[in-house]
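1. Here is a sequence together with a model predicted from it:
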Amino acid sequence: MPIITRRALALTLLAAPAAAQHTPAGGIQVQQPWARASAGSAANGAAYLTIANHGTSADRLVSAASPVARTVELHTHLMDNGVMRMRQVQAIEVDPGTPTVLQPSGLHVMLIGLVQPLKEGESFPLTLRFAQAGERIVQVRVMGPGAMAPGGGMH
């Protein structure tokens, strides 16, 4: 084998482990985690994010935890006799190829019993537990109190 070909092969083999480190185990990738700043002495808050499943099989977000709240639950909004109400869900499905979006007025991570206010510009850790992919710890960026998107937009 010519020297140039051997060197190219060696470089390819050395680069393969580095490239593999960028693909998360289980194919789950959490994108743009954010929360709204809490208003006044609000006891509760919520975190939002997008989950991409780059794997080949479905997974489920089964729980979450954070030191900023006494209790953390997975929630959704449902229409009940013309009134929008929050309800706890046991898990959130994460299908391959289709992003699962947690957003205001939809699926979200509920932070119950905040131990301190969520302040704009700060961040906090959020541990997400998936049935197949295990735990992911993300830093949640706190946006303004009226934010509707991770960039702080009011749309």
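-> Structure received.

2. The nearest residue to Ala42 once chain neighbours are set aside bridge partners, please.
-> What sits nearest to Ala42 in space, not counting adjacent residues and going by Cβ to Cβ, 6 or more residues apart in numbering, is Leu114, at 6.9 Å. For the C-beta atoms, the positions are set from N, CA and C on the backbone; glycine is no exception. For Leu114, the beta-bridge partners are Ala69 (DSSP bridges).

3. I'd like to know how far Leu114 sits from Pro150.
-> According to Cβ to Cβ, to the nearest Å, Leu114 stands 20 Å off from Pro150.

4. before we move on, what about Ile28?
-> Distance, Ile28 to Pro150, by Cβ to Cβ: 18 Å.

5. Settle it for me: which of those two has more neighbours?
-> Of the pair Ile28 and Pro150, Ile28 is the one with more neighbours under other Cβ atoms under 10 Å, namely 22 against 18.

6. list the contacts for the more buried one?
-> With contact set as Cβ atoms under 8 Å, 6 or more residues apart in numbering, Ile28 has these partners: Ile51, Ala52, Asn53, His54, Gly55, Asp59, Val94, Phe130, Ala133, Arg136.
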